[in-house]
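Enquirer: quick one: sequence and predicted model below, then my questions.
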Amino acid sequence: MTKLSVNINKFATLRNARGGNNPDLLKITKLVEQFGADGITVHPRPDQRHIRYSDVGALKKIITTEFNIEGNCREQQFIDLVLATKPTQVTLVPDTTGQLTSDHGWDTITHQQYLKEMVSIFKNQGIRVSLFVDPVAEMITAAKETGTDRVELYTEQYASHYQSGEKEKAIAPYYQAAVVAKELNLALNAGHDLDHNNLGYFHQQIPWIQEVSIGHALICDSLLWGLENTIQLYKRELQA
C-alpha cells in the first residue's frame, strides 16, 4: 500500500510568522500521525523560514511512524543534521540557496560520482536514501547506478497538465519513468503539487508507488475540511 507522508513545513511557517510556539509543531505532528499519516516529512533550509534545524531533533524524539528529511546535500549543515538525527529516509534535492520551493530533479548523469559519494555516506549510517528526479528514463537509470534505494518523481509537471484537463498527457512521462524504475528494482516515491484532485488518478496509473509526500495542498485543504478529515480523504485516494 502506498504510504502518505505529510510535509509539516507550512505548520512551521505559520508558527514563525508570529514568533512563539503557536501552533505547537510537536503537538501538530502527534495529531498528524494520530489522524492516519504513515510518515512525517520536513525540508529544512538554510534561512530556516519554516522548519528550523532545532526542530528536527525534537521531532525525531516523538515521531512513531517514518521520518523523512528532505534537503540539499551540498550544504554541510544539512549533512551533519541528517547524520545526527538518523531519520528513516533522507531525500536529496538539488535546491539552490534561497530557493522558494523545489523545482527540478537531479541530473544524475552529470552528478553521478558526487551522488554516489553522498548516497554512500547516508546508507553507511543505516539511512534509506531517495533522490529527487524528473520523470526521464535516462535520469532514472543513472540514479540506479548511484546506489540509491529510491527515487522521488518531481510531480509539478503532472499537476500542471492535470489541472488543464490533459490527464493522459500528464501521466504519460511519469508512467514511463515508473516502469523503468520498476524494471530496475528501484523503489519509487513521488511528490510536489500532488493534491486531493490529482492524487487518485496518479495512484491508479502507478499503484506501485511506495510513498507520496504532500504538504502545502493537504494543509490548505485542512483549513476547509479539518486536519483529520483531510488526511483520511488523502488516504482514501491511495486506497482506491
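Expert: Good, I have the coordinates.
Enquirer: helix or strand right after the host helix or strand of Met118?
Expert: Secondary structure from DSSP states H and E places Met118 in helix 112-123. Next in sequence after helix 112-123, counting helices and strands by DSSP H and E, comes strand 128-133.
Enquirer: which elements pack onto that following strand?
Expert: Secondary-structure packing of strand 128-133 (3 or more C-beta pairs under 8 Å, 6 or more residues apart in numbering; DSSP states H and E): strand 89-92, helix 112-123, helix 137-145, strand 150-154. Using the backbone N, CA and C atoms, a C-beta is placed for each residue, glycine as well.
Enquirer: let me have the ones you listed in TSV, adding mean pLDDT, mean neighbour count and distance to Ser213 as columns.
Expert: Formatted as TSV, those follow (pLDDT from 0 to 100; neighbours: other C-beta atoms under 10 Å; distance: least, C-beta to C-beta, whole Å):
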stretch	mean pLDDT	mean neighbour count	distance to Ser213
strand 89-92	98	27	8
helix 112-123	97	17	17
helix 137-145	97	19	17
strand 150-154	98	26	7
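Enquirer: check the average confidence over the longest helix along the chain, would you?
Expert: For the chain, the helix that runs over the most residues, judged by DSSP state H, is helix 167-183. Average pLDDT, helix 167-183: 98.
Enquirer: can we start the residue count at 172 from this point?
Expert: Taking 172 as the first residue, the last one we looked at is helix 338-354.
Enquirer: what's that helix in contact with?
Expert: Where contact means C-beta atoms under 8 Å, 6 or more residues apart in numbering, the residues beyond helix 338-354 that reach it are 304, 306-308, 311-312, 322, 324, 326, 328-333, 358-359, 361, 369, 372-373, 376-377, 379-380.
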